[in-house]
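Asker: take this sequence and fold it.
(chains A, B, C, D, E and F)
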6 protein chains.
Amino acid sequence: MPYVNIKITKEGATAEQKARLIEGATQLLVDVLGKNPATTVVVIDEVETDNWGVGGESITVRRRTGQ
Amino acid sequence: MPYVNIKITKEGATAEQKARLIEGATQLLVDVLGKNPATTVVVIDEVETDNWGVGGESITVRRRTGQ
Amino acid sequence: MPYVNIKITKEGATAEQKARLIEGATQLLVDVLGKNPATTVVVIDEVETDNWGVGGESITVRRRTGQ
Amino acid sequence: MPYVNIKITKEGATAEQKARLIEGATQLLVDVLGKNPATTVVVIDEVETDNWGVGGESITVRRRTGQ
Amino acid sequence: MPYVNIKITKEGATAEQKARLIEGATQLLVDVLGKNPATTVVVIDEVETDNWGVGGESITVRRRTGQ
Amino acid sequence: MPYVNIKITKEGATAEQKARLIEGATQLLVDVLGKNPATTVVVIDEVETDNWGVGGESITVRRRTGQ
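Answerer: Residues are numbered from 1 along each chain as shown, chains lettered A, B, ... in the order given. The predicted model follows:
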């Protein structure tokens, strides 16, 4: 019954990459804790780079300044 | 003061249906715990079917294969 | 497949009350959106009153001052 | 290493305002707890007014009725 | 900069198992999206079985009835 | 009506420090977006160091190795 939420910046992840995240996160819970994959839920949030900050700056600004 | 977050797949929930979710979740907290509805907050997140996985597969794939 | 997260202050909700929250939230998703209850997940977080603020003050302080 | 999530209604916050939220939340963690800003993450979610409820009503309805 | 939140029921996961979840989730983001592990954050929430529901029932009840 | 969730490691933050986080986060929303403090909610989660990872390692391990 685990629930996994993955937040990434919205920068072009493909449906195929997101499918791999879902598959990989589910398998991780199976491998480490023996959880049932049928009831393991994974939700991916893609966040605009203006809306994500690290070090007090948005990712938009950090990308522009080469950080 | 409760806070309720409802995550559903983005598959055409109407404003009227979302209003019923807000009303129902608020009333539930009033009925069960006697909470003040005036400060009960409900936030609904609608998630793309590519971004939601169960059983290691995205909902997009599960819909396509009839699961 | 919905996921519902209910956050309340930790002030003595009983197992029976939490069971009613789980049942009621699940039924709400069935009634409003026709979701499958078998895959509807509800998680309740109980938060210490020192860790919850409204109006710029913790609930601990608000309880003490009769708000 | 703190993580801050700010949820607001989607009503036209500008990139500059969001940059100030990121900067301010990061600085708050530095000032109060001495956290390292370099590893402090801030994520802002902007939520449609149909999807946010208070007092059992959506913000869309509350705006319309002048609440 | 990804952020991963893993919610599991509180049923005795060891520090070693949680370390493997952290390592595995971080590696998944590296492998699939080329993310920088140094700024990938993983937070594990362990939730009491009374506070987690599936199918309208708490996990406590489901464990007792052999589901 | 904003909602702010602050996640920090559980390493002895005092009630007074948490009160300052609540006050500061609420004021930030007032200053930047003109939000109403009366309906601004702040929830602080304190997470065990075994349950928080950065760079693929738990904070427990990072503290031990001086990172």
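Asker: contacts, neighbours, all on C-alpha from now
Answerer: OK.
Asker: so which bits of the longest helix seen in chain A are buried?
Answerer: Using DSSP state H, we find that the single longest helix of chain A is helix A:15-33. Buried residues in helix A:15-33, counting neighbours by 16 or more other CA atoms under 10 Å in any protein chain shown, are found at A:17-29, A:32-33.
Asker: near chain F at all, it?
Answerer: No: Helix A:15-33 does not reach chain F (CA under 8 Å from any CA of the partner chain); its nearest approach is 13.9 Å.
Asker: tell me the mean pLDDT over that helix?
Answerer: Helix A:15-33 shows a mean pLDDT of 98 in the predicted model.
Asker: what two of the buried residues of helix A:15-33 are the furthest from one another?
Answerer: A:17 and A:33 (24.1 Å; CA to CA).
Asker: coming back round to it: ok, and what's touching the longest helix of chain A?
Answerer: A:2, A:4, A:35-37, A:40-44, B:50-58, E:13, E:17, E:20-21, E:24-25, E:28-29, E:32-33 (CA atoms under 8 Å, 6 or more residues apart in numbering or on different chains).
Asker: tally up the residues packed near residue A:10, please.
Answerer: 14 (other CA atoms under 10 Å in any protein chain shown).
Asker: tell me the contacts of it?
Answerer: Contacts of residue A:10 by CA under 8 Å, 6+ apart are A:46, A:47, A:48, A:49.
Asker: could you look up the SS state of the first one?
Answerer: Okay, so that is residue A:46. strand (DSSP: H, G, I helix; E, B strand; the rest coil).
Asker: now it: closest residue in space that isn't a chain neighbour?
Answerer: residue A:10 (4.6 Å; CA to CA, 6 or more residues apart in numbering or on different chains).
Asker: before we move on, what about the second one?
Answerer: Leaving out its chain neighbours, the residue that sits closest to residue A:47 by CA to CA, 6+ apart is residue A:9, at 4.6 Å.
Asker: any idea how far the one you found is from residue D:9?
Answerer: For residue A:9, the distance to residue D:9 equals 20 Å [CA to CA, to the nearest Å].
Asker: tell me the pLDDT at residue A:1?
Answerer: Reported pLDDT for residue A:1: 79.
Asker: from what I can see it touches residue B:54, true?
Answerer: No: assessed by CA atoms under 8 Å, residue A:1 is found out of contact with residue B:54, at 10.0 Å.
Asker: who touches both of these two?
Answerer: A:37, A:39, A:40, A:41.
Asker: what subset of the residues you listed is buried?
Answerer: A:37, A:39, A:40, A:41.
Asker: the second one contacts residue C:39, doesn't it?
Answerer: Just to be clear, that refers to residue A:39. Yes: if you go by CA under 8 Å, residue A:39 and residue C:39 touch, sitting 7.0 Å apart.
Asker: coming back round to it: now the longest helix of chain A and helix E:15-33, what's the angle there?
Answerer: Angle of helix A:15-33 versus helix E:15-33, following axes from the mean of the first three to the mean of the last three CA atoms, to 10 degrees, is 170 degrees.
Asker: chain center to helix A:15-33, what's the gap?
Answerer: 11 Å (CA atoms, centre = their mean, to the nearest Å).
Asker: if we can go back for a sec, now, among the contacts of residue A:10, which is nearest to chain B?
Answerer: Each of the contacts of residue A:10 was checked against chain B using CA to the nearest CA; the closest is residue A:46, at 8.7 Å.
Asker: show me what contacts that closest one?
Answerer: The contact partners of residue A:46, by CA under 8 Å, 6+ apart, come to A:7, A:8, A:9, A:10.
Asker: can you put those residues in CSV and add pLDDT and secondary structure?
Answerer: Below are the contacts of residue A:46 laid out as CSV (pLDDT from 0 to 100; DSSP: H, G, I helix; E, B strand; the rest coil):
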residue, pLDDT, secondary structure
A:7, 98, strand
A:8, 98, strand
A:9, 97, strand
A:10, 97, coil
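Asker: mind giving me the ChimeraX select for those residues, buried ones only?
Answerer: Buried residues among the contacts of residue A:46 (16+ other CA under 10 Å), as a ChimeraX selection:
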select /A:7,8,9
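Asker: of the contacts of residue A:46, which is the nearest to residue E:66?
Answerer: residue A:7 (34.4 Å).
Asker: that closest one bridge partners, please.
Answerer: On the basis of DSSP bridges, residue A:7 is bridged to residue A:45, residue E:3.
Asker: doesn't residue E:3 make contact with it?
Answerer: Yes: using CA under 8 Å, residue A:7 is in contact with residue E:3, at 5.1 Å.
Asker: residue A:11 - how many residues pack around it?
Answerer: So residue A:11, with other CA under 10 Å, has 10 neighbours.
Asker: what does residue A:62 give?
Answerer: 14.
Asker: any idea how far chain C is from the residue nearest to residue A:13 when sequence neighbours are not counted?
Answerer: Once flanking residues are discounted, residue A:13 sits nearest to residue E:33: 7.5 Å by CA to CA, 6+ apart. Distance, residue E:33 to chain C, using CA to the nearest CA, to the nearest Å: 26 Å.
Asker: before I go, just wanted to say thanks for your time.
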